[in-house]
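J.: Need coordinates for the below:
(2 chains)
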Amino acid sequence: KAGVTQTPRYLIKTRGQQVTLSCSPISGHRSVSWYQQTPGQGLQFLFEYFSETQRNKGNFPGRFSGRQFSNSRSEMNVSTLELGDSALYLCASRSAGGALSGELFFGEGSRLTVL
Amino acid sequence: ELKVEQNPLFLSMQEGKNYTIYCNYSTTSDRLYWYRQDPGKSLESLFVLLSNGAVKQEGRLMASLDTKARLSTLHITAAVHDLSATYFCALRGDYKLSFGAGTTVTVRA
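T.: Numbers count the residues shown, from 1 in each chain, chains lettered A, B, ... in the order given. Next comes the predicted model:
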């Protein structure tokens, strides 16, 4: 069974640009969430989506946005990049039932560097 | 807002000895997670604890949950080098995980 797939794995952008990150959840998982990891702030919640609906959003500026498609794939977008947006962006998918109900599985992450 | 506090933040272990990582949290939650992260890698799920008194074990790692004390512990038995990593606890609430700061574990000979 394929795991959570995130693309791209690494990217370098300059200040002011925008970036789109993609996440394909485990087959059958309808919940996708995003987290930002930085050395200074640790792991911080960005968004959670279930069946194309955003159920919660973290305390990030409006430059951070996301969406989920009907096939459960999700994208997040960061506009007008700042140096502080350099981070590892992690996507997780969650099963809704069965023996592994509620367990979150994380992708390998997209490492963004803003110059 | 749910706050999660881990300690210690850094733990230098000697091979063969036993150690414990503590995770305290501020409000009730329906599940607690433990994750492992190797440098430059993603988060690997170790345990999901659902109820008071839950205990799970995998190899040299054992996690327990005391919901009344709002405390979870991750016990490491007879540490080996392969256990060097950063360990996070996290609690689920309001459709998100709130993570502790992580405990960076180094196992020395």
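J.: Just the residues contacting the lowest-mean-pLDDT helix or strand in chain A, thanks.
T.: Using mean pLDDT, DSSP states H and E, the weakest-scoring helix or strand in chain A turns out to be strand A:104-106, at a mean of 91. Here strand A:104-106 makes contact (C-beta atoms under 8 Å, 6 or more residues apart in numbering or on different chains) with A:3-4, A:26, A:29, A:33, A:90-94, B:33, B:35, B:42-45, B:97. Placement of C-beta: from N, CA and C, glycine included.
J.: The residues you listed, buried ones only, as a ChimeraX selection?
T.: To isolate the buried members of the contacts of strand A:104-106 in ChimeraX, using 16 or more other C-beta atoms under 10 Å in any protein chain shown:
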select /A:4,26,29,33,90,91,92,93,94 /B:33,35,42,43,97
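J.: what about the residue nearest the centre of chain A, which SS state?
T.: Central residue of chain A (C-alpha atoms, centre = their mean): residue A:34, 3.2 Å from the mean position. Following DSSP: H, G, I helix; E, B strand; the rest coil, we place residue A:34 in the strand state.
J.: can I get the CA coordinates of stretch B:24-40 in PDB?
T.: Only the C-alpha atoms of stretch B:24-40 are listed here, as PDB (Å, rounded to 0.1, in the frame of the first residue of the first chain):
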ATOM      1  CA  ASN B  24       2.400  16.600  30.000                       C
ATOM      2  CA  TYR B  25      -0.600  18.200  28.500                       C
ATOM      3  CA  SER B  26      -3.100  20.900  29.500                       C
ATOM      4  CA  THR B  27      -6.600  19.700  28.500                       C
ATOM      5  CA  THR B  28      -8.300  16.500  27.800                       C
ATOM      6  CA  SER B  29      -7.900  14.800  24.400                       C
ATOM      7  CA  ASP B  30      -9.300  11.600  22.900                       C
ATOM      8  CA  ARG B  31      -5.900  10.300  21.700                       C
ATOM      9  CA  LEU B  32      -2.200  10.800  22.300                       C
ATOM     10  CA  TYR B  33       0.500  10.000  19.700                       C
ATOM     11  CA  TRP B  34       4.200   9.300  19.900                       C
ATOM     12  CA  TYR B  35       6.300   9.800  16.800                       C
ATOM     13  CA  ARG B  36      10.000   9.300  16.000                       C
ATOM     14  CA  GLN B  37      11.900  11.600  13.600                       C
ATOM     15  CA  ASP B  38      15.400  10.900  12.200                       C
ATOM     16  CA  PRO B  39      17.400  13.900  11.000                       C
ATOM     17  CA  GLY B  40      16.200  15.200   7.700                       C
END
